[in-house]
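In: how would this look folded up:
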Amino acid sequence: MYANMNFSNFITSTGKRINRDHFIHLVQVAKLDGKISETVMEILHKEGRKFGLTDPEIDDIINNEHPLNYHPPYSLEDKFFELYNITELILSDNVITEAEKKMIRRYAVAAGFPDDVIEGLCKILIEGVKKGEEEEALLKEFRKKYISKYKQSRK
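Out: The predicted model follows:
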């Protein structure tokens, strides 16, 4: 599972770049409203450690984050798990603004999800994260409801 891999699981520089980019995207989402709460900071450190980063490295990325081009993962699972992480981070304060919803949609579009499944995908993620459901269960629900549309759009 992508979200549980750390830098040492990758041999290629490409794998490392994708993980670092994903973490930086989480930081960008965290900074969306201009400040990072203590709860969000804890989540960023937890996620950063999953990628094999140390706390000082995480702090350095947070303090020196700069815009990057988005490099989405390739597989459906990895794309879904990345959006799950983003949604989880956004909902860490139990409030979701329109700007934050747009952020989730923007990453879904950039990740290659087709327009006709994005609203449903966002609904599954937001409601699922609010209820504390696991990534795997939400991915299963997404596949059940939308996989045929997703596969058709990839052709």
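
In: so after the worst-scoring helix or strand of the chain on mean pLDDT, what's the next helix or strand?
Out: Across the helices and strands of the chain, mean confidence by mean pLDDT, DSSP states H and E is lowest for helix 13-30: a mean of 66. Per DSSP states H and E, the first helix or strand lying C-terminal to helix 13-30 is helix 38-50.

In: would you mark the buried spots in whichever helix or strand comes after that next one?
Out: Heading C-terminal from helix 38-50, the first helix or strand you meet, by DSSP H and E, is helix 55-64. Within helix 55-64, the residues scored as buried using 16 or more other CB atoms under 10 Å are Glu57, Ile58, Ile61, Ile62. (Glycine included, C-beta is placed from N, CA and C.)

In: show me what helix 55-64 is packed up against.
Out: helix 13-30, helix 38-50 (3 or more CB pairs under 8 Å, 6 or more residues apart in numbering; DSSP states H and E).

In: that helix to helix 38-50, inter-axis angle?
Out: Inter-element angle recorded for helix 55-64 and helix 38-50: 120 degrees (by axes from the mean of the first three to the mean of the last three CA atoms, to 10 degrees).

In: offset the numbering so it begins at 855, please.
Out: New numbering, starting at 855: the last item is helix 909-918.

In: same question for helix 909-918, mean pLDDT?
Out: Mean pLDDT, helix 909-918: 87.

In: tell me how far it lies from the chain's centre.
Out: Helix 909-918 sits 18 Å away from the centroid of its parent chain (CA atoms, centre = their mean, to the nearest Å).

In: any idea which helix or strand comes after that helix?
Out: Following helix 909-918 toward the C-terminus (DSSP H and E): helix 930-944.

In: give me the distance from that next one to the chain's centre.
Out: 3 Å.

In: ok, now stretch 904-913?
Out: Centre-to-centre, stretch 904-913 and its host chain are 17 Å apart (CA atoms, centre = their mean).
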